[in-house]
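1. pasting the structure only:
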């Protein structure tokens with residue numbers, strides 16, 4: 001009789017310990033999911049549209065490829081923010097293949113004097129961690145601008161060998 005009692009005192013705590021590991025996982029996962037639902041990470045874009053304007057002598061009068069890259073995963077921000085446009089365009093395919101669900105990439109090729117207006121809905125309505133514009137100029141340079149903090153109508157203005165980004169709020 002004593003052996004059975006001793007056996008129970010040893011096995012019950014052991015079983016409770018084994019069971020409690022998986023039992024605690026469920027509330028922890030539920031807490032994490034509830035926290036993400038109530039306080040989602042990232043920010044919503046506050047864009048009405050993106051307007052791309054090419055100056056008359058942009059890119060030495062050659063067509064220019066422009067990419068807008070929306071980053072949906074926080075760990076990718078530092079990787080992409082350190083890339084020059086040349087590096088981005090060389091590794092673009094690899095990034096898209098490796099992180100296809102964590103990036104939204106929109107590309108256009110425009111000639112000098114072209115103007116393009118893109119509705120904001122084309123960029124999705126997910127919460128993001130960053131947004132960048134890259135331009136594939138013939139001349140060397142970073143040719144990268146972070147644009148996620150801009151609001152309203154986003155203006156990307158391309159000149160001879162560089163570009164700028166502005167946000168214009170409607171009154």
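-> Structure's in. What do you need? As the structure is a computational prediction, the values presented were derived from the model and not from experiment.
2. check this protein and tell me which residue is nearest its centre.
-> In the chain, the residue lying closest to the centroid (C-alpha atoms, centre = their mean) is residue 71, at 0.7 Å.
3. so it makes contact with residue 123?
-> No: because the distance of 11.7 Å does not satisfy C-beta atoms under 8 Å, residue 71 is recorded as not touching residue 123. Glycine gets a C-beta too; all of them are placed from N, C-alpha and C.
4. which neighbours do the two share?
-> By C-beta atoms under 8 Å, 6 or more residues apart in numbering, residue 71 and residue 123 have these common neighbours: residue 131.
5. tell me which stretches of the chain form helices.
-> Along the chain, counting by DSSP state H, helices occupy 2-38, 74-81, 85-98.
6. weakest of the ones you listed by average pLDDT?
-> Lowest mean pLDDT within these: helix 2-38, a mean of 59.
7. name whatever forms a beta bridge with residue 154.
-> Beta-bridge pairing of residue 154 under DSSP bridges involves residue 50, residue 167.
8. what sits against residue 103?
-> Neighbour list for residue 103: 69-73, 76, 95-96 [criterion: C-beta under 8 Å, 6+ apart].
9. got the domain boundaries for this structure?
-> The record's domain parsing of the chain by automatic domain parsing lists 1-39, 46-168.
10. please identify the most buried of those domains.
-> Highest mean neighbour count among the domains of the chain (mean count of other C-beta atoms under 10 Å): domain 46-168, with a mean of 16.
11. how far is that one from where the chain is centred?
-> Chain-centre distance of domain 46-168: 12 Å, with C-alpha atoms, centre = their mean, to the nearest Å.
12. how close does residue 57 sit to residue 112?
-> 6 Å (C-beta to C-beta, to the nearest Å).
13. er, residue 143 I mean
-> Distance of residue 143 to residue 112, given as C-beta to C-beta: 16 Å.
14. check residue 154 too.
-> 20 Å.
15. go on, residue 97?
-> As judged by C-beta to C-beta, residue 97 and residue 112 stand 32 Å apart.
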